[in-house]
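1. Fold the stuff below for me.
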Amino acid sequence: MKRSHEIDFSEGRLLPKLIAFSIPVMLSGILQLAFNAADLIVVGRFEGEVALAAVGSNGALVSLVVNVFMGLGSGISVLAARYFGAKDDRRLGETVETAAIVGVLGGVLTALVGLLLSVPMLRVMSTPENVLPLAAVYLRIYFLGIPFLAVYNFLSAVLRSVGDTRRPLLYMAAAGIVNVLLNLLLVLVFRLGVVGVAVATVASELLSCFLTVRCLLRCEGAYRLPRGRLHFSRAVFLQMLHIGLPAGIQGSLFSISNVIIQSSINSFGAAVVAGNAAAASLEGFGYCCQDSVCQATVAAASQCMGARKYERVRSVTVVCNILSVFASMVPYAVILLLRYPLLHAYTAEAAAVEAGVVRLFYLGALYFTAGFMGVMTGVLRGYGYSVLPTSITLVGVCGFRLVWIFTVFARFHDLRLLYSCYPISWTLTAIGLFIAYYALRKKAVELNEARYRAEYTEAETH
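-> Below you'll find the model as predicted:
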């Protein structure tokens, strides 16, 4: 029986379901970014430029960790959505239990590595010496919350796979409110500065993790998390890795290229670092609107493949690409229109504000191409291809940006040229993904039919 919080993309009108799925995801992202922006605003306005740069300079490293777990979570989401679409309750349950176990173990391991390597990573990024001590403190505290972040990402991926995006929104809202309140308390009252902001972030991650786990313990569907001993499925884990590991590698290498870009930005001094951090925070609001459509693409395409409704996957591709244009450009237009008052909310330093304006304009012109890139990656993953979109993205985004930095930027050392590598890489990658989609969509159907026969026909025979 279908429950009110579930969305089955394999039946009914597609556009209303995609919008119903995307809006809570978008609002979750906006809330998360608003609360992250509160971190930057509080330290920037009350602790100064160095504290703002200390938190902002960690942005690329934090994104590196988050993107890895989100990439692995995409493997969970594709697998769970496929089994949900196929009405395979047993395998859906195995996916949930295995995801929870991997989230805990992977999060703890990542936290330990991060605590050991915080300072070396910041030095590799050429973090200014006057910023390094505070940046290291923030990063070490942030890594303590990684296990909570991992479990939340993996289990919320399960909820999204069945179309449930409303409850993760509520959990994100609750966690974000706690984050803001703790920011104000720890920074303004107890004067803990960067330490207070980091502690507030970890506390909010703990709360969102707790609420998501509680939800899956109490829900009534096949994706319910059992209260007793969890069972690890090697077969499910290998499928998660097959789909999610390339996505995780893509996310990590994608972020590594951004880490290198961040180190180049750091060479321009604290004012540019602060302005870049503020602009990147604002851009995030546009990105989360765009990303909500990309997440809807993965869930819809995967469910329809599980249900063996292949023409509907093509409809998902068309509709989601159109939605991504609106989700990309409308919020970015608002940000550009209000750029000065928005940037002044982060910092009163004129040089930092002007540096932020430069970034906003250079990344905004072709921002919709990043939406195409995300949607086509989602469709290909829904089809069952994971290595291919990763390979295209690594060449088109990571490879191109690295070549650009070590050739064009190295020769001219101009901030505008540095920012130009973003829209060019998005466009090149989107073109490559469209070509792959049209070349392989028939083969994807054949492979899915073969997988269906292998998983279900043999089971019925036995």
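
2. Do you know the pLDDT at residue 4?
-> On the pLDDT scale, residue 4 is placed at 61.

3. Which parts of the stretch 251-400 of the chain are helices?
-> Taking DSSP state H, counting those that start in this stretch as the criterion, the stretch 251-400 of the chain contains helices spanning 270-306, 310-337, 339-344, 350-364, 367-383, 387-393, 400-404.

4. helices or strands next to the last one in the packing?
-> Applying 3 or more Cβ pairs under 8 Å, 6 or more residues apart in numbering; DSSP states H and E, one finds that helix 400-404 contacts helix 234-266, helix 415-452. Every C-beta, even on glycine, is put in place using the N, C-alpha and C of the backbone.

5. Now do the buried residues in the last one.
-> Residues 415, 418-434, 436-437, 440-441, 444-445, 448 are the ones in helix 415-452 that count as buried (16 or more other Cβ atoms under 10 Å).

6. could you give the angle of it to helix 270-306?
-> Inter-element angle recorded for helix 415-452 and helix 270-306: 20 degrees (by axes from the mean of the first three to the mean of the last three Cα atoms, to 10 degrees).

7. helices or strands next to helix 415-452 in the packing?
-> helix 234-266, helix 270-306, helix 310-337, helix 350-364, helix 367-383, helix 387-393, helix 400-404.

8. Go again with 6 Å.
-> With contacts defined as 3 or more Cβ pairs under 6 Å, 6 or more residues apart in numbering; DSSP states H and E, the packing partners of helix 415-452 are helix 350-364, helix 367-383, helix 387-393, helix 400-404.

9. Poorly predicted segments of the stretch 201-350 of the chain, please.
-> Scanning the stretch 201-350 of the chain with the threshold set as pLDDT under 70 gives 251, 255.

10. for the stretch 351-462 of the chain, same thing?
-> Within the stretch 351-462 of the chain, the set of residues satisfying pLDDT under 70 comprises 456-462.

11. now stretch 134-141: mean pLDDT?
-> Mean pLDDT, stretch 134-141: 92.

12. which residues are in contact with that stretch?
-> The contact list for stretch 134-141 (Cβ atoms under 6 Å, 6 or more residues apart in numbering) reads 54-55, 57-58, 115, 118-119, 122, 127, 194, 198.

13. does residue 72 really touch residue 248, like I thought?
-> Yes: because the distance of 4.5 Å satisfies Cβ atoms under 6 Å, residue 72 is recorded as touching residue 248.

14. Spatially, and excluding backbone neighbours, which residue is closest to residue 382.
-> Closest residue to residue 382 in three dimensions, ignoring its sequence neighbours and counting by Cβ to Cβ, 6 or more residues apart in numbering: residue 301, at 2.6 Å.

15. mind listing what that neighbour touches?
-> Residues near residue 301 by Cβ under 6 Å, 6+ apart: 313, 316, 379, 382.

16. I'd guessed the second one sits against residue 300; true?
-> Yes: here residue 316 lies in contact with residue 300, judged by Cβ under 6 Å, at a distance of 4.5 Å.

17. Can you pick out the residue with more neighbours from the two?
-> Legend: neighbour count by other Cβ atoms under 10 Å for residue 316 and residue 300, higher for residue 300 (31 against 28).

18. distance of the more buried one from residue 37?
-> Note on residue 300: its distance to residue 37, by Cβ to Cβ, to the nearest Å, is 30 Å.

19. ok, the closest residue to residue 364 other than its chain neighbours - how many residues close by?
-> In this structure, residue 364 finds its nearest non-sequential neighbour in residue 332, 5.1 Å apart by Cβ to Cβ, 6+ apart. The number of residues packed near residue 332 is 23, by other Cβ under 10 Å.

20. Repeat that for residue 310.
-> Neighbours of residue 310 under the rule other Cβ under 10 Å: 16.

21. What distance do you get for the closest residue to it other than its chain neighbours to residue 201?
-> With sequence-adjacent residues excluded and distances taken as Cβ to Cβ, 6+ apart, residue 310 is closest to residue 445, at 5.0 Å. According to Cβ to Cβ, residue 445 stands 44 Å off from residue 201.

22. what do you get for residue 403?
-> Computed as Cβ to Cβ, the residue 403 to residue 201 distance reads 34 Å.

23. Tell me which of the two has more neighbours.
-> Here residue 403 and residue 201 are compared on neighbour count by other Cβ under 10 Å; more neighbours surround residue 201, at 25 against 13.

24. Check which residues of the host helix or strand of that one are buried.
-> Here residue 201 sits within helix 194-218, counting by DSSP states H and E. Of the residues in helix 194-218, those buried by neighbour count under the rule 16+ other Cβ under 10 Å are 194-213, 215-216.

25. That one packs against which elements?
-> Under the contact definition 3+ Cβ pairs under 6 Å, 6+ apart, helix 194-218 sits against helix 132-144, helix 146-161, helix 166-183.

26. Report the distance from that helix to the chain centre.
-> A distance of 17 Å separates the C-alpha centroid of helix 194-218 from that of its chain, computed with Cα atoms, centre = their mean, to the nearest Å.

27. Just the residues contacting that helix, thanks.
-> Counting by Cβ under 6 Å, 6+ apart, residues outside helix 194-218 touching it are 39, 43, 51, 54, 134, 137-138, 141-142, 144-145, 148-149, 151-152, 155-156, 167, 171, 175, 178-179, 182-183, 186-187, 225.

28. next one: stretch 170-184
-> Outside of stretch 170-184, the residues that reach it under the criterion Cβ under 6 Å, 6+ apart are 28, 31-32, 35, 38, 42, 197, 200, 203-204, 207-208, 211-212.

29. repeat that for 7 Å
-> Residues outside stretch 170-184 that contact it (Cβ atoms under 7 Å, 6 or more residues apart in numbering): 28, 31-32, 34-35, 38-39, 42, 196-197, 199-201, 203-204, 207-208, 211-212.

30. in it, what counts as buried?
-> Using 16+ other Cβ under 10 Å, the residues of stretch 170-184 that count as buried are 171-176, 178-180, 182-183.

31. Of those, just say which sits nearest to residue 67.
-> When those are compared for distance to residue 67, the smallest value, 17.8 Å, is given by residue 172; criterion: Cβ to Cβ.
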